[in-house]
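Colleague: Just a sequence and a predicted model for now, questions to come.
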Amino acid sequence: MSCMNLDLKEDFFEVVKRHRKINRRNFKVLLEKYEKENLEVTTYSTKNSISYEFNKKYNEVIREYNKMRGYIRFKEVFPEMILISRNILIEHRIGDLLANYFAKRYPQFCILILCNNKAFISSCRNDLSFPFKKYKKYQVWYKKFYDYEKFIEKFRYSVQNQIEDRIDVYGFSEKDFNESYYDIQYIRERKNITHALNMMPWKYQKKANLKYEQKAFLKEKMNYKNKKSITDYY
């Protein structure tokens, strides 16, 4: 089973349709208006035109997609070659795109992203089979759920019966993972807390469920504010 993403540059309208304010009905109406706009308006995206609105929504979806690719952490690893990231908050309909991105990045694993009460599953493995929904250039399976643990248990059981590969997760600790990753991303000796917060805004820390980073950054920020002498900063 191949795992492919949309070509985000070429599939302009497919990306626009993923915006949270777009639904099938209003998209069809907007698309008809867009097609009636003259070429000059469409090319230069005159403000208040449908083309302008489409470009704006396209950029908002792409911005969130690019941001979330860098913020999502897989803090749960199971022996059945499963990577899980849970409690992810996304504004636009990009859960499947993110799952496919990480499936290509980690081709030996099965990716499970839990967000907005939906589970997005993707894998590039040929020995895994789910009721994948083929949608143009990518494949993904998603399902609504209301109980994390029950869903994960059923999912693991399904994978166990399909693949023989196993990974040793003995000694894996989410706490150690968080501390190690944080130490790599933020170097205390450089005292670059302001730059770190600019690169990792609170908004995306919350959306990606980075609770450890939030607490650590807040502590570092308070220490930074409590410095009294200019020499304390060096």
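Modeller: Alright, I've got the coordinates. Numbering: from 1, shown residues only.
Colleague: Surely residue 17 and residue 25 touch.
Modeller: No: counting by C-beta atoms under 8 Å, residue 17 sits too far from residue 25 to count as a contact (11.5 Å). The C-beta positions use only the backbone N, C-alpha and C, and glycine is treated the same way.
Colleague: More neighbours: the two, which one.
Modeller: Shown here are residue 17 and residue 25; by other C-beta atoms under 10 Å, residue 17 has more neighbours (18 against 8).
Colleague: Nearest spatial neighbour of that one, chain-adjacent residues omitted?
Modeller: Nearest residue to residue 17, sequence neighbours excluded (C-beta to C-beta, 6 or more residues apart in numbering): residue 27, at 5.5 Å.
Colleague: secondary structure class for that neighbour?
Modeller: Using DSSP: H, G, I helix; E, B strand; the rest coil as the criterion, the local structure at residue 27 reads helix.
Colleague: residues near it, how many?
Modeller: 17.
Colleague: Isn't it up against residue 15?
Modeller: No: taking C-beta under 8 Å as the definition, residue 27 is not a contact partner of residue 15, at 11.8 Å.
Colleague: Now do the strands in the protein.
Modeller: For the chain, applying DSSP state E gives strands covering 76-78, 82-88, 110-115, 118-123, 133-135, 138-144.
Colleague: Out of those strands, which gets the lowest mean score?
Modeller: For those, the weakest mean pLDDT is recorded on strand 133-135, namely a mean of 46.
Colleague: Number of residues surrounding residue 15?
Modeller: For residue 15, using other C-beta under 10 Å, the count is 24.
Colleague: heads up, I number from 654, so please use that
Modeller: Let's use 654 as the start, then, which means that last one is residue 668.
Colleague: Could you measure from it over to residue 821?
Modeller: To residue 821, residue 668 is 39 Å away according to C-beta to C-beta, to the nearest Å.
Colleague: Equivalent analysis for residue 771, please.
Modeller: Taken as C-beta to C-beta, the span from residue 771 to residue 821 is 30 Å.
Colleague: And residue 665, by the same measure?
Modeller: Relative to residue 821, and taking C-beta to C-beta, residue 665 is found at 44 Å.
Colleague: Which residue of these two possesses the greater neighbour count?
Modeller: Between residue 665 and residue 821, counted using other C-beta under 10 Å, residue 665 has the larger neighbour count: 13 against 8.
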